[in-house]
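S.K.: fold the following, please.
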Amino acid sequence: MSSAISQIKLFSGESKIKIIESVRDYDVYILNTGAGEINTSLMELCIMIHACKIASARRVTAIIPHFMYARQDKKDKSRAPITAKLVANMLREAGCDHVITMDLHASQIQGFFDVPVDKWMRDNLQIEDCIIVSPDAGGAKRATSIADKLNVDFALFHKERKKASEIARMVLVGTVRGKIAVLVDDMADTCGTLGLAAKRLLEEGATKVYAIVTHGILSGPALQVIQDSGLEKLVVTNTIPQQQNCEGCDKIEVVDVSLVLAEVIRRR
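M.R.: Now for the predicted structure:
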């Protein structure tokens, strides 16, 4: 069932949402990309879930391809919040029964990432000439999983930082000479790490460098970094809308994951 939603932005900045059609005793799926103004999207999602729940929906499932605040998934210093947990609590308290998402930031809760990666590589590259590369040690599990599935080698970078937001240097662990290097990660934000990694891989003798990420946030200088980098292509999924980014950078290619999400819904 497809239901219309009335949404009004009040002068006060509040959102007023109303479900136009009856959802009584239906399973309701609410899709929210989490793109744009994250905090506004999150609040509107919670309001929609609550509206459906008190309108007697049987079950409410939130489809959030790019889970908000996924990177803030641990207490990394004193007095720091675990914001991803807070978001999960907000959705639960709003009345959400289930959440469908893709490739969460924490390695122990990854989902679906190898599906679009596997297919795109087999369709576009000579697999036997490839090596999978993780841009940091935290993504090693993801890289090794994909490399094992494709039966190719893998390498990773060890990042040394001057401070939290500034990388001093990247040390490559592994050999990429004569190989097509494929960087894999869960998300690309400003793309500073990907740009630097691509440069280092080419210096180490890689013939070409591709990057494949699930969530193309691509904020700030990202498009210019990609355009100026040694990357052949940056392959992202459409968990976040990419039309404007594609128009601004011809190195971006988008993989559609709608069928993956649709299959998850079908199997519920």
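S.K.: where in the stretch 101-250 of the chain is pLDDT low?
M.R.: 103-116, 161-168 (pLDDT under 70).
S.K.: can you give me the helices in it?
M.R.: Secondary structure of the stretch 101-250 of the chain (DSSP state H, counting those that start in this stretch): helices at 114-124, 140-150, 192-203, 222-228, 243-248.
S.K.: check which helices and strands the first one is in contact with.
M.R.: Where contact means 3 or more Cβ pairs under 8 Å, 6 or more residues apart in numbering; DSSP states H and E, helix 114-124 is packed against helix 140-150, strand 208-216, strand 252-255. Bear in mind the C-beta positions are built from the backbone N, C-alpha and C, glycine included.
S.K.: next one: the shortest one
M.R.: If contacts are counted by 3+ Cβ pairs under 8 Å, 6+ apart, helix 243-248 sits against strand 252-255.
S.K.: buried ones in the strand it packs on?
M.R.: Residues Ile252, Glu253, Val254, Val255 are the ones in strand 252-255 that count as buried (16 or more other Cβ atoms under 10 Å).
S.K.: break this protein down into its domains, please.
M.R.: 5-101, 108-255 (automatic domain parsing).
S.K.: just those domains: most buried one?
M.R.: Neighbour counts (mean count of other Cβ atoms under 10 Å) averaged over each of the domains of the chain peak at domain 108-255, with a mean of 18.
S.K.: hmm, who's touching the helix or strand where Asn39 lies?
M.R.: Assigned by DSSP states H and E, Asn39 belongs to helix 38-54. The contact list for helix 38-54 (Cβ atoms under 8 Å, 6 or more residues apart in numbering) reads 5, 7, 15, 17-19, 23, 28, 30, 32-35, 60, 62, 64, 68-69, 87, 90-91, 94-96.
S.K.: so which of these are in helices?
M.R.: Using DSSP state H, the members of these that fall in helices are Val87, Met90, Leu91, Ala94.
S.K.: wouldn't the third one be in contact with Val99 here?
M.R.: Yes. Here Leu91 lies in contact with Val99, judged by Cβ atoms under 8 Å, at a distance of 6.3 Å.
S.K.: shared neighbours of these two, which are they?
M.R.: Contacts common to Leu91 and Val99, judged by Cβ under 8 Å, 6+ apart, are Ala62.
S.K.: so which residue is dead centre in the protein?
M.R.: His215 (2.7 Å; Cα atoms, centre = their mean).
S.K.: mind putting the helices of the stretch 101-250 of the chain into JSON lines with distance to Gly178?
M.R.: Formatted as JSON lines, these follow (distance: least, Cβ to Cβ, whole Å):
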{"stretch": "helix 114-124", "distance to Gly178": "18"}
{"stretch": "helix 140-150", "distance to Gly178": "17"}
{"stretch": "helix 192-203", "distance to Gly178": "12"}
{"stretch": "helix 222-228", "distance to Gly178": "24"}
{"stretch": "helix 243-248", "distance to Gly178": "31"}
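S.K.: tell me which of those helices sits nearest to Phe157.
M.R.: helix 192-203 (5.8 Å; Cβ to Cβ).
S.K.: that's all I had, so thanks and see you.
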